[in-house]
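Novice: Here's a sequence, model it:
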Amino acid sequence: MGDRTPSAVLSNVLNKVKPYLAMVSLQFGYAGMYIISMVSLKHGMSNFILATYRHVVATIIIAPFAFVLERKTRPKMTLPIFLRIVALGFLEPVLDQNLYYLGMKYTTATYASAFVNMLPAVTFILAMIFRLEKVNVKKIRSLAKIIGTAITVIGAMVMTLYKGPIIDFIKSGGATHHGTTSESADKHWITGTIMLLGSICSWSSFFILQSFTLKKYPAELSLTALICFMGMVEGAGVSLIMVRDLSAWKVGWDSRLLAATYSGIVCSGIAYYVQGVVIRERGPVFVTSFSPICMILTALLGAIVLAEKIHLGSILGAIIIVSGLYTVVWGKSKDGKNSETDEKTNALQELPIKNNARSINIDDGIDGPAKIVNIPASKSPFSTQGT
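Specialist: Residues are numbered from 1 along each chain as shown. Predicted structure coming up:
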């Protein structure tokens, strides 16, 4: 083997860093969506209609790319795959997003984005149940994932159960209004937390089902377009039932249009595709392990744009959650290295002879029947080389 060129080394580094860059970029997109969506909800937009319009935009944007770029590689649609897509369209576009919007409406954008950090713990538990994650307590990588998940849950409990004093990083004039509505806010806080928890369970289930579906339907763009389309259809049906006033569907050149367009393009269309690609490469737990970045960005934007108050309990819980999440990421990085070495070892073992023993006919050039030579099973994968 010769020395690798600098361009080859750079390409190798970029391929390793690519999943991290993709997930970090998505967190910036999600942070913007939380703030813009919160503004539109405060201006009276229905969360059901927002989720529906979001996937109308996503379908319009993604479908042409999927039709053109994957027309030759798109697998054949079957009934089991179609039913999975229907379930995916309900789990994330309908159930998760509506529960999340309601939970954010009853709490704050900062609290909701911080609570989402429970997602890796729930996803890891579901991944173990469906055997997408291998756990061996004798290996440090598995222990890191288990310990990180436990730390994440503890941090979420601290953040939920302990409010503490308000930490006002940026002075704002919303203190009087906050004091007059503290009792009703406390009542809605529990309801909002329950809705956020339901949203996280739905989102985790979406990641797990998406992982299984990609194995049967490995066309990320087409799958993304189909999920957005089914989410649009199912969301429209739910919206018509929940919102009877047809005037609520009107959208002007305001925050409603911006919220639907931005979230549809960035957080549904692009996000579903990027998550699908990274899930195939690194697994669903890796995808959910970058939400602390979004939480920090949302807290900063929420304090500036929405004048939200940050409680000490949220800060302490978030610090604990972040430490747990990056323990999980460390375990996943070790998992990826071990899986690569395992694949190389398996490939070497499969190269020589697949059967334990084999008989071959040899024509030695002498008259008479060919001789039969038995080759016994080899203990070394390299013993048959050189013949």
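Novice: which regions of this protein sit below the pLDDT cut-off?
Specialist: Where the chain drops to pLDDT under 70, the residues are 1-4, 169-187, 285, 333-387.
Novice: 50 instead, please
Specialist: The model of the chain has pLDDT under 50 over residues 1, 173-181, 340-367, 370-387.
Novice: Which secondary structure element is home to Leu99?
Specialist: helix 97-106 (DSSP states H and E).
Novice: all helices of the stretch 251-387 of the chain, in order?
Specialist: 255-262, 271-282, 284-287, 291-305, 312-350 (DSSP state H, counting those that start in this stretch).
Novice: Does anything pack onto the third one? Which helices or strands?
Specialist: By that I understand helix 284-287. helix 6-42, helix 119-129, helix 182-216, helix 271-282, helix 312-350 (3 or more Cβ pairs under 8 Å, 6 or more residues apart in numbering; DSSP states H and E). (Glycine included, C-beta is placed from N, CA and C.)
Novice: and if we set it to 6 Å?
Specialist: Packing contacts for helix 284-287, counted by 3 or more Cβ pairs under 6 Å, 6 or more residues apart in numbering; DSSP states H and E, involve helix 119-129, helix 271-282.
Novice: related to what we said a few turns ago, out of the helices of the stretch 251-387 of the chain, indicate the one that is most buried.
Specialist: Counting by mean count of other Cβ atoms under 10 Å, helix 284-287 has the highest mean neighbour count of the helices of the stretch 251-387 of the chain, with a mean of 26.
Novice: from the middle of its chain, how far away would it be?
Specialist: Relative to the chain's own centre, helix 284-287 is displaced by 6 Å; criterion: Cα atoms, centre = their mean, to the nearest Å.
Novice: what's the answer for stretch 214-222, then?
Specialist: 15 Å.
Novice: Helix 182-216 and the helix holding Leu99, what's the angle between them?
Specialist: In terms of direction (axes from the mean of the first three to the mean of the last three Cα atoms, to 10 degrees), helix 97-106 departs from helix 182-216 by 160 degrees.
Novice: Now find how far off-centre helix 97-106 is within its chain.
Specialist: Counting by Cα atoms, centre = their mean, helix 97-106 comes out at 18 Å from the chain centroid.
Novice: quick one, that helix and helix 6-42 angle?
Specialist: Helix 97-106 and helix 6-42 meet at an angle of 60 degrees, taking the same axes, to 10 degrees as the criterion.
Novice: Which elements pack onto helix 97-106?
Specialist: helix 47-69, helix 182-216.
Novice: now those in JSON lines, with mean neighbour count and distance to Gln275?
Specialist: Listed next are the helices and strands packed on helix 97-106 as JSON lines, based on neighbours: other Cβ atoms under 10 Å; distance: least, Cβ to Cβ, whole Å:
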{"stretch": "helix 47-69", "mean neighbour count": "21", "distance to Gln275": "13"}
{"stretch": "helix 182-216", "mean neighbour count": "18", "distance to Gln275": "7"}
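Novice: To Ala225, which of these lies closest?
Specialist: Between Ala225 and the helices and strands packed on helix 97-106, the shortest gap by Cβ to Cβ is with helix 47-69, which sits at 4.1 Å.
Novice: follow-up on the earlier one: reformat the helices and strands packed on helix 97-106 as CSV; add distance to Arg84.
Specialist: As requested, the helices and strands packed on helix 97-106 are arranged in CSV below (distance: least, Cβ to Cβ, whole Å):
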stretch, distance to Arg84
helix 47-69, 17
helix 182-216, 5
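Novice: Figure out which of these is closest to Leu26.
Specialist: Nearest of the helices and strands packed on helix 97-106 (Cβ to Cβ): helix 182-216, 13.3 Å.
Novice: Counting by contacts, list what that closest one packs against.
Specialist: Looks like helix 182-216 contacts helix 79-89, helix 97-106, helix 119-129, helix 271-282 (3+ Cβ pairs under 6 Å, 6+ apart).
Novice: And the contacts of the last one?
Specialist: Where contact means Cβ atoms under 6 Å, 6 or more residues apart in numbering, the residues beyond helix 271-282 that reach it are 19, 22, 26, 211, 214, 220-221, 224, 227, 287.
Novice: By neighbour count, which of those wins?
Specialist: Ile227 (32 neighbours; other Cβ atoms under 10 Å).
Novice: Can you classify that one as helix, strand or coil?
Specialist: helix (DSSP: H, G, I helix; E, B strand; the rest coil).
Novice: ok, back up a step: quick one: which of the helices and strands packed on helix 97-106 is nearest Ile241?
Specialist: Ile241 lies closest to helix 47-69 among these, at 8.7 Å (Cβ to Cβ).
Novice: how big is the angle separating the closest one from helix 271-282?
Specialist: Put simply, helix 47-69 runs at 60 degrees to helix 271-282, going by the same axes, to 10 degrees.
Novice: quick one: contacts of helix 47-69?
Specialist: Residues outside helix 47-69 that contact it (Cβ under 6 Å, 6+ apart): 93, 97-98, 101-102, 221-222, 224-225, 228-229, 231-232, 235-236, 238-239, 242-243, 248, 260-261, 263-265, 268-269.
Novice: Tell me the buried residues within those residues.
Specialist: Buried members of the contacts of helix 47-69, counted by 16 or more other Cβ atoms under 10 Å: 93, 97-98, 101-102, 221-222, 224-225, 228-229, 231-232, 235-236, 238-239, 243, 260-261, 263-265, 268-269.
Novice: still on that earlier bit, using CSV, lay out the contacts of helix 271-282 together with distance to Asn47.
Specialist: Below are the contacts of helix 271-282 laid out as CSV (distance: Cβ to Cβ, whole Å):
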residue, distance to Asn47
Pro19, 31
Ala22, 28
Leu26, 22
Ser211, 27
Leu214, 29
Glu220, 28
Leu221, 28
Thr224, 22
Ile227, 19
Val287, 24
